[in-house]
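Chemist: Next input, structure requested:
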Amino acid sequence: MKIVIIGGTGLIGSKLVTRLGEHGHEAVAASPKTGVNTLTGEGLAEALAGASVVIDVSNSPSFEDAAALEFFETSTRNLLAAEAEAGVDHHVALSVVGTERLPQSGYFRAKVVQEKLIEKSSIPFTIVHATQFFEFARGIADAAADGDTVRMPPVLFQPIAGDDVARAVARAAVGAPLNGRIEVAGPEQTRMDEFFRGALAAWGDPREVVTDPHATYFGAELSERSLVPEGGGAVLGELTYAQWLGRTGC
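Modeler: Numbering: from 1, shown residues only. Okay, the predicted model is just below:
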């Protein structure tokens, strides 16, 4: 089966290309690096010719409100139109747990627009909502830094390894379209301030984590369950953060 991965040269996309290829699929990495640009439409028709499934794991290069909206709206419209023309059977998109709960954030408002476009299209779809990735923990800490302190809210946090995200997305891609969402999260749930207190200690980072209920995340203040799955039906990853850190050293 031909599966095209939009954003296929990125963190999750490259893992998907490898994983799907190992399972005998024709996994095609599509990104500006391979001559495919969803914003301009360049190379889309050629990349999607003969594809049964398209997986969109692309991300906006800017988190500024207007730029994120322009990216997700334009890219998704172009991609869905090209898929309809090519006769694609299944559109799979990677999104974020809690997207609809964080309207203060322009980035998350843009993700909601992306999901609504997918829902309204004629193409059967599956949307995978994932919690934050372990791979981005250092960047999140740096963004929350205030001198020698890192300000984090005391809300529930359940991050996941990129490999576990790719596994869940790949399974969704080769399965029947859900015309709905699934949630994936890490195997351990803790509090965000406690997670980063332990992470900074593991990194040997001397900065102090300060608990701040008003600390923002992508521009939004968080409530207790903003970043964790709803209910008990989420697919859980296999790797804990300690195991992942031991393997990667990151």
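Chemist: which other helices and strands contact the helix or strand hosting A172?
Modeler: Per DSSP states H and E: A172 is located in helix 162-174. Applying 3 or more Cβ pairs under 8 Å, 6 or more residues apart in numbering; DSSP states H and E, one finds that helix 162-174 contacts helix 11-22, strand 53-56, strand 90-96, strand 125-130, strand 180-185. Backbone N, C-alpha and C define where each C-beta goes, glycine included.
Chemist: In the top helix by length along the chain, which residues are buried?
Modeler: In the chain, with assignment by DSSP state H, the single longest helix is helix 65-86. When burial is assessed from 16 or more other Cβ atoms under 10 Å, helix 65-86 yields the following buried residues: 68-69, 71-72, 75-76, 78-80, 82-83, 86.
Chemist: Read off the pLDDT value for I140.
Modeler: What the model reports as pLDDT for I140 is 96.
Chemist: Double-check that it belongs to a helix.
Modeler: Yes - I140: assigned to a helix according to DSSP: H, G, I helix; E, B strand; the rest coil.
Chemist: re the thing from before, show me what the longest helix of the chain is packed up against.
Modeler: Short answer (3+ Cβ pairs under 8 Å, 6+ apart): helix 65-86 packs on helix 44-48, strand 53-56, strand 90-96, helix 106-120.
Chemist: Comparing those, which comes out most buried?
Modeler: Greatest average neighbour count among the helices and strands packed on helix 65-86 goes to strand 53-56 (a mean of 28), per mean count of other Cβ atoms under 10 Å.
Chemist: tell me what that one is packed against?
Modeler: Partner elements for strand 53-56 (3+ Cβ pairs under 8 Å, 6+ apart): strand 2-6, helix 65-86, strand 90-96, helix 162-174.
Chemist: would you list those in TSV and tack on mean pLDDT and distance to S14?
Modeler: Formatted as TSV, these follow (pLDDT from 0 to 100; distance: least, Cβ to Cβ, whole Å):
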stretch	mean pLDDT	distance to S14
strand 2-6	98	9
helix 65-86	97	19
strand 90-96	98	13
helix 162-174	98	9
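Chemist: mind checking which of the ones you listed is nearest Q104?
Modeler: helix 65-86 (10.7 Å; Cβ to Cβ).
Chemist: List the backbone torsions phi and psi for E221.
Modeler: phi -80, psi 150 (degrees, to the nearest 10).
Chemist: Need the nearest residue in space to it, chain neighbours excluded.
Modeler: H214 (6.0 Å; Cβ to Cβ, 6 or more residues apart in numbering).
Chemist: Quick check: that neighbour vs A145, distance?
Modeler: Taking Cβ to Cβ, to the nearest Å as the measure, H214 falls 16 Å from A145.
Chemist: Ok, H90 next?
Modeler: 41 Å.
Chemist: do R247 as well
Modeler: R247 is 26 Å from A145, by Cβ to Cβ.
Chemist: need the contact list for the closest residue to E100 other than its chain neighbours.
Modeler: Once flanking residues are discounted, E100 sits nearest to V112: 6.0 Å by Cβ to Cβ, 6+ apart. Counting by Cβ atoms under 8 Å, 6 or more residues apart in numbering, V112 touches 99-100, 103.
Chemist: Give the burial count for S62, as a bare number.
Modeler: S62: 12 surrounding residues under other Cβ atoms under 10 Å.
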